[in-house]
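> Quick one: sequence plus predicted model below, questions after.
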Amino acid sequence: MSRLVMKFGGTSVANIERIRNVARHVKREVDAGHEVAVVVSAMSGKTNELVAWCTEASPMHDAREYDAVVASGEQVTSGLLAIVLQGMGIQARSWQGWQIAIKTSDAHASARIEDIDGSEIITRFRDRKEVAVVAGFQGIDPKTNRITTLGRGGSDTSAVAIAAAVKADRCDIYTDVDGVYTTDPRIVPKAKRLDKIAFEDMLELASQGAKVLQVRSVELGMVHNMPIFVRSSFDKPEDIDPHANQPPGTLICSEEEIMESHVVTGIAFSKDEAQISVRQIEDKPGVAASIFGPLADANINVDMIVQNVSEDGKTTDLTFTVPAADYNRAKDTITAAKAKIGYIRLDTATDVAKISVIGSGMRSHAGVAAQAFSALAGRNINIRAITTSEIKFSVLIDTAYTELAVRTLHTLYGLDQV
């Protein structure tokens with residue numbers, strides 16, 4: 001017997017019929033003798049509706065009341081799933097974040113989990129054989145006793161944190177895809193599903209644009225060494241063997257558990273990028289701080305940074321990227337600081353995309369990035385900026401070449417045949 005946490009996203013619980021399908025997945029694991037906690041999101045589209053209501057009520061609403069409103073979507077789903085499970089003869093009860101309690105920071109709408117006491121759920125596993133149906137995405141600020149939410153995609157984070165708290169053997173993330181692929185199959189039909197992927201590789205994929213998992217959930221899994229299994233909720237529950245060593249899906253685990261790792265694991269891309277170039281700044285100490293300090297104060301994340309110094313060494317250009325959603329704020333922030341920075345011209349572009357090549361195997365292989373640069377040049381794809389780390393490199397290109405670049409690199413690194 002093992003202990004599982006099963007998480008179901010919004011599309012998996014979009015209506016009562018799909019909630020019944022989720023219940024059949026849960027029943028399969030209970031019948032196999034497993035102890036089960038289920039974490040659910042709000043029904044598909046419900047959180048967007050609740051957010052829109054808050055904005056309509058007041059564009060400058062209180063973040064604490066915002067959390068009280070948007071957390072209600074998960075409360076509805078958890079109660080409905082518990083009702084359906086009870087109707088199938090399974091002992092089940094719903095739990096809200098504050099009842100467990102999932103203690104968080106006080107950053108409303110983007111709180112971070114600080115502590116979870118899973119002892120009551122564990123006791124009910126043992127004494128009542130009870131399934132815990134937990135509302136994802138929500139917690140409580142213990143200092144004020146107010147409901148908090150974890151930010152969009154926070155139910156993934158809830159699930160992994162609860163799995164760690166109840167000492168689960170695995171956290172299964174059920175979604176509308178059947179695992180993690182080498183890249184987006186809609187862009188590259190030859191993309192392959194990975195049987196296993198290391199935490200580090202998945203963290204990079206998630207942070208560089210892959211939409212399968214929320215970044216913080218992968219971080220938590222890595223910190224607690226909690227295996228995360230990404231699988232489809234649309235597979236027929238009765239067609240899955242709960243005793244199989246690994247049913248269809250992708251296991252995210254420590255690198256030591258992967259027998260053979262490829263040099264490149266996957267290709268991620270993001271079109272939600274904007275480029276800003278600050279031209280002809282006096283090349284002196286503190287110039288970078290005068291640019292990036294105000295951006296940091298405005299909570300704008302800067303990603304790729306390239307600096308070019310003039311031939312005479314008197315002036316420099318600084319080019320960087322920001323999320324497209326922050327483009328206007330970033331441009332306004334730099335413009336407002338023009339007198340302090342002392343630049344001559346500000347150039348911007350929003351028609352850019354970031355392509356990232358990821359793989360733990362890069363640590364022990366030279367020339368991986370050089371191959372990509374050569375292949376992209378062969379396709380007449382110009383590289384605007386480059387950034388690298390130990391297991392990843394990213395290039396910034398024109399958006400129009402995104403699909404061609406992804407397909408070219410996917411083939412270059414042999415991912416078509418993984």
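That came in fine, so what should we check first?
> any chance you could map the strands in the stretch 201-350 of the chain?
Secondary structure of the stretch 201-350 of the chain (DSSP state E, counting those that start in this stretch): strands at 228-232, 250-253, 266-282, 305-309, 315-323, 345-358.
> got the buried residues for the longest one?
For strand 266-282, burial by neighbour count (16 or more other CB atoms under 10 Å) applies to 266-270, 273-278, 281. For the C-beta atoms, the positions are set from N, CA and C on the backbone; glycine is no exception.
> gap between it and the chain center?
21 Å (CA atoms, centre = their mean, to the nearest Å).
> Check which helices and strands that strand sits against.
Secondary-structure packing of strand 266-282 (3 or more CB pairs under 8 Å, 6 or more residues apart in numbering; DSSP states H and E): helix 199-207, helix 287-297, strand 315-323, helix 327-336, strand 345-358, helix 402-412.
> Let's have the ones you listed in a markdown table, adding mean pLDDT and mean neighbour count.
Below are these laid out as a markdown table (pLDDT from 0 to 100; neighbours: other CB atoms under 10 Å):
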| stretch | mean pLDDT | mean neighbour count |
| --- | --- | --- |
| helix 199-207 | 91 | 24 |
| helix 287-297 | 92 | 16 |
| strand 315-323 | 91 | 20 |
| helix 327-336 | 94 | 16 |
| strand 345-358 | 94 | 19 |
| helix 402-412 | 96 | 19 |
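> Residue 8 is nearest to which of the ones you listed?
Closest of the helices and strands packed on strand 266-282 to residue 8 is helix 199-207, at 18.8 Å (criterion: CB to CB).
> Show which residues not belonging to the closest one make contact with it.
Helix 199-207 has contacts (CB atoms under 8 Å, 6 or more residues apart in numbering) with 180, 197, 212-215, 218-219, 221-222, 228, 252-255, 265-266, 268, 356, 358-360, 389, 391-392.
> could you flag which of the residues you listed are buried?
180, 197, 212-215, 218-219, 221-222, 228, 252-253, 265-266, 268, 356, 358-360, 391-392.
> circling back: and residue 98, which of the helices and strands packed on strand 266-282 is closest to it?
helix 199-207 (27.9 Å).
> could you dump the strands of the stretch 201-350 of the chain to a markdown table with distance to residue 337?
Output for these, formatted as a markdown table (distance: least, CB to CB, whole Å):
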| stretch | distance to residue 337 |
| --- | --- |
| strand 228-232 | 42 |
| strand 250-253 | 41 |
| strand 266-282 | 10 |
| strand 305-309 | 17 |
| strand 315-323 | 13 |
| strand 345-358 | 11 |
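> Can you pull the domain assignment for the protein?
Using the TED database, the domain parsing of the chain gives 3-256, 266-413.
> Need the winner for burial among those domains.
When the domains of the chain are scored by mean count of other CB atoms under 10 Å, the highest mean neighbour count falls to domain 3-256 (a mean of 20).
> distance between it and the chain's centre?
Centre-to-centre, domain 3-256 and its host chain are 12 Å apart (CA atoms, centre = their mean).
> Next, the distance between the ends of that domain.
22 Å (CA to CA, to the nearest Å).
> do stretch 122-133 as well
Terminal-residue distance, stretch 122-133 (CA to CA): 13 Å.
> Any stretches of the stretch 201-350 of the chain with poor pLDDT?
245-246, 260-261, 311 (pLDDT under 70).
> change it to 80
Along the stretch 201-350 of the chain, the parts satisfying pLDDT under 80 run over 208-211, 242-247, 259-261, 309-313.
> okay, which residue is most central for the protein?
residue 214 (2.1 Å; CA atoms, centre = their mean).
> can you pull the contacts of it?
Here residue 214 is in contact with 153-154, 156-157, 206 (criterion: CB under 8 Å, 6+ apart).
> Name the nearest residue to it, sequence neighbours excluded.
Of all residues not flanking residue 214 in the chain, residue 153 sits nearest, at 3.5 Å (CB to CB, 6 or more residues apart in numbering).
> any idea how far the one you found is from residue 244?
28 Å (CB to CB, to the nearest Å).
> repeat for residue 323
For residue 323 relative to residue 244 (CB to CB), the value is 40 Å.
> Next: residue 384.
46 Å.
> just residue 380 next, same as before
47 Å.
> show me what contacts residue 361?
261-265.
> Helices of the stretch 101-250 of the chain, residue ranges please.
119-128, 154-165, 199-207, 215-224 (DSSP state H, counting those that start in this stretch).
> List the contacts of the last one.
When contacts are defined by CB under 8 Å, 6+ apart, helix 215-224 is touched by residues 112-113, 150-151, 153-154, 156-157, 159-161, 163-164, 171, 173, 199-200, 202-203, 206-207, 226-228, 252, 254.
> element containing residue 387?
strand 385-389 (DSSP states H and E).
> Strand partners (parallel or antiparallel) of the helix or strand following that strand?
Sequence-wise, the next helix or strand downstream of strand 385-389 (DSSP H and E) is strand 392-398. Strands that pair with strand 392-398, judged by DSSP bridges, come out as strand 345-358 (antiparallel), strand 385-389 (antiparallel).
> Mind listing residues that contact strand 392-398?
Against strand 392-398 from outside (CB under 8 Å, 6+ apart): 204, 208, 273, 275, 303-304, 321, 351-359, 362, 368-369, 372-373, 376, 381-388, 405.
> what do you get for stretch 74-91?
13, 16, 19-20, 22-23, 26-27, 30, 38, 40-43, 46, 92-96, 128-131, 133-138, 155.
> Go through those and flag which are in strands.
38, 40, 92-95, 131, 133-135, 138 (DSSP state E).
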